[in-house]
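Chemist: structure of the sequence below:
(chains A and B)
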Amino acid sequence: MEKNNSISKLQELAYELKIRDIMTTRVTTVLPTQNIKDLRKIMHDSSISGTPVMENGKLIGIISIEDFIRSLVRGENNKTVQDIMTHHVETLCADEPVIHAVAKFEKFGYGRFPIVERKTGELAGIITKSDIIKGMLRKLEIDYREEEIHRYRASHLFEDVVADHINLTLEYNVQGQNFHHAGEASSRLKKTLQRMGLPLEIVRRAAIASYEIEMNIVIYTNGGKLTASLLPGILSITAVDKGPGIPDIQQAMQPGFSTATTTIREMGFGAGMGLPNVKKYTDDMQITSTLGKGTEIITKIYLKDQNAQT
Amino acid sequence: MLKLKDIIPELELKPASQNFDSNHEVTGGYASDLLSDVIANAEKNYLWITLQTHENIIAVAVLKELAGIILINDREPDPNTLSKAEKEGIALLLTPLPAFEVVGRLYQMGLRGL
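Modeler: Below you'll find the predicted structure:
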């Protein structure tokens, strides 16, 4: 649901994004034999605070500004990189998810990790906490922009689509007598309509109407279809089943009337309010039913005049 | 504004599901054991008091965007109900009290059903 959405979205991103997507690939490296006086200039010029030490294309250590300061404190002079560098290097592979990097920063407290290719062991890049933040923000921005475009497209669907006749149909199969999956078709429909950017009030009414007709198919028939059609200005929800049919539609529309069995009633269904609820939340409702053949319910919700019915 | 975290300790409710937002606001309550009745009459952010333990109560709670469900009389949710509650982030709260008592105490806390 909506709760803690931002947190879970970031977690999701940290699993989804690979280190390769966000690492810095242009890595400044130093040689083990370089004097540490050069090191200060290199770090200053590239505005970095640590760098891998490479020898013949191999990663043999890592040196940071802290190593440099420690050496200065000891009053050392004329040392080379290999004298003061950290020999044991913690690395990450480029194909690992970003969450592994997050965990490693947490565990070791280092400022950076060299990234290597899993197969060749070659240095592929370097990652800092700031790479992670920048990478995640960039991805969030892209996702957000895509969502905006989707939302715009959906809400302008009928203005932008040019055709003589427009009819967008969403069809859901409903299994009869299956209470385990009962409500799933209407729940999927609700999510889809939400994503398409329909007004929340319309989505809410469509969800209730489709839930009730779906439950009728589940309770009374061996299955059927739930269909939502988006026509200009109208959302039409239709249910078709090959069930036993309704003998007296007027009676079925009476609040409180139900033919549900005791077992069904004990589960909380069969309140005799299903069809009255559908009528209450839609602007138009037509039922045709033939005994022994099946039932068809066609409902309409008008998109323009939202005050017509609540 | 009352929140779930105010109501849960006050009524000594036992959360059966863990994945829910205890800061969720509660604006009212509805007591009924008929699902369609709840669909027709409960409002968003209401607490629903019921003896139904069947998994479809979660579908109804999601549909109506309820604040949570209180299961009365020491009733335990079905395993499927619990797993759906966790998945959908619906607060499923248990109590040994009967419905009348639960409603009375909620009313005393300031909750209304209109």
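
Chemist: any idea what the residue most central in space within chain B is bridged to?
Modeler: In chain B, the centroid-proximal residue (C-alpha atoms, centre = their mean) is B:Ile69; its distance is 1.6 Å. Judged by DSSP bridges, the bridge partners of B:Ile69 are B:Trp48, B:Leu92.

Chemist: ok, it - contacts?
Modeler: Applying C-beta atoms under 8 Å, 6 or more residues apart in numbering or on different chains, we find B:Ile69 in contact with B:47-48, B:50, B:57-58, B:61, B:85, B:90-93. C-beta coordinates here come from the backbone N, C-alpha and C atoms, glycine included.

Chemist: does the strand or helix carrying A:Ile217 reach chain B?
Modeler: Assigned by DSSP states H and E, A:Ile217 falls within helix A:200-220. Yes: using C-beta under 8 Å from any C-beta of the partner chain, helix A:200-220 reaches chain B at A:207-208, A:211-212, A:215.

Chemist: returning to that earlier point: neighbour-wise, give me the winner out of the contacts of B:Ile69.
Modeler: B:Leu47 (30 neighbours; other C-beta atoms under 10 Å in any protein chain shown).

Chemist: list the residues that contact it.
Modeler: Counting by C-beta under 8 Å, 6+ apart, B:Leu47 has contacts B:7, B:26, B:28-30, B:66-70, B:106, B:111.

Chemist: what does A:Ile60 give?
Modeler: A:Ile60 neighbours (C-beta under 8 Å, 6+ apart): A:32, A:53-54, A:82, A:87, A:89.

Chemist: generate a PyMOL selection restricted to the buried subset of those.
Modeler: A single PyMOL command suffices to select whichever of the contacts of A:Ile60 are buried according to 16 or more other C-beta atoms under 10 Å in any protein chain shown:
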select buried, chain A and resi 53+54+82+89
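
Chemist: dump the contacts of A:Ile60 into TSV; add pLDDT as well.
Modeler: Output for the contacts of A:Ile60, formatted as TSV (pLDDT from 0 to 100):
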residue	pLDDT
A:Pro32	93
A:Val53	94
A:Met54	92
A:Gln82	91
A:His87	90
A:Val89	91
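
Chemist: A:Arg118: which of the contacts of A:Ile60 is nearest?
Modeler: A:Arg118 lies nearest to A:Val89 out of these, by C-beta to C-beta, at 15.6 Å.

Chemist: where along the stretch 201-310 of chain A do the strands fall?
Modeler: A:223-231, A:234-241, A:284-290, A:294-302 (DSSP state E, counting those that start in this stretch).

Chemist: cool, chain B as well?
Modeler: Taking DSSP state E to define them, one finds strands in chain B at B:2-3, B:14-15, B:25-26, B:28-31, B:46-50, B:68-71, B:91-94.

Chemist: can I get those strands in a markdown table with mean pLDDT?
Modeler: Converted to a markdown table, the strands of chain B look like this (pLDDT from 0 to 100):
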| stretch | mean pLDDT |
| --- | --- |
| strand B:2-3 | 93 |
| strand B:14-15 | 96 |
| strand B:25-26 | 95 |
| strand B:28-31 | 97 |
| strand B:46-50 | 98 |
| strand B:68-71 | 98 |
| strand B:91-94 | 97 |
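
Chemist: export those strands as CSV, with columns for distance to A:Asp248.
Modeler: CSV is the format used below for those (distance: least, C-beta to C-beta, whole Å):
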stretch, distance to A:Asp248
strand B:2-3, 45
strand B:14-15, 45
strand B:25-26, 41
strand B:28-31, 31
strand B:46-50, 31
strand B:68-71, 35
strand B:91-94, 39
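
Chemist: which residues sit in contact with A:Thr209?
Modeler: Slight slip there: residue A:209 is Ala, not Thr. A:237, A:277-278, A:281-282, A:299, A:301.

Chemist: chain B versus that one, what's the distance?
Modeler: 10 Å (C-beta to the nearest C-beta, to the nearest Å).

Chemist: just A:Gly183 next, same as before
Modeler: 4 Å.

Chemist: wait, what's in contact with that residue?
Modeler: Residues near A:Gly183 by C-beta under 8 Å, 6+ apart: A:211, A:214-215, B:56, B:59-60, B:63.

Chemist: now swap in A:Ile115 and tell me
Modeler: Counting by C-beta under 8 Å, 6+ apart, A:Ile115 has contacts A:19-20, A:23, A:91-94, A:123-127.

Chemist: out of the residues you listed, flag the one nearest to chain B.
Modeler: Distance to chain B across those (C-beta to the nearest C-beta) is lowest for A:Ile19, with 29.7 Å.

Chemist: so what's the nearest residue to B:Ser36 once chain neighbours are set aside scoring on pLDDT?
Modeler: Distances taken as C-beta to C-beta, 6 or more residues apart in numbering or on different chains place A:Met273 nearest to B:Ser36, at 3.7 Å, with adjacent residues excluded. On pLDDT, A:Met273 comes in at 86.

Chemist: one more: the one 10 residues further on?
Modeler: The score at A:Asp283 is 96. That number is its pLDDT.

Chemist: my guess is it contacts A:Tyr302. True?
Modeler: Yes: counting by C-beta atoms under 8 Å, A:Asp283 touches A:Tyr302, with 4.9 Å between them.

Chemist: excluding its backbone neighbours, what's nearest residue 54?
Modeler: Chain wasn't specified; assuming chain A. With C-beta to C-beta, 6+ apart, the residue lying closest to A:Met54 is A:Thr29, at 4.4 Å.

Chemist: that's the other chain; I wanted chain B
Modeler: A:Met267 (4.7 Å).

Chemist: got it, and A:Met253?
Modeler: Using C-beta to C-beta, 6+ apart, the nearest residue to A:Met253 is A:Leu275, at 5.4 Å.

Chemist: now do the contacts for the one you found.
Modeler: A:212, A:216, A:252-253, A:287.

Chemist: what pLDDT does the nearest residue to A:Gly57 once chain neighbours are set aside get?
Modeler: Nearest non-adjacent residue to A:Gly57, counting by C-beta to C-beta, 6+ apart: A:Glu122, 7.2 Å away. We have a pLDDT of 88 for A:Glu122.
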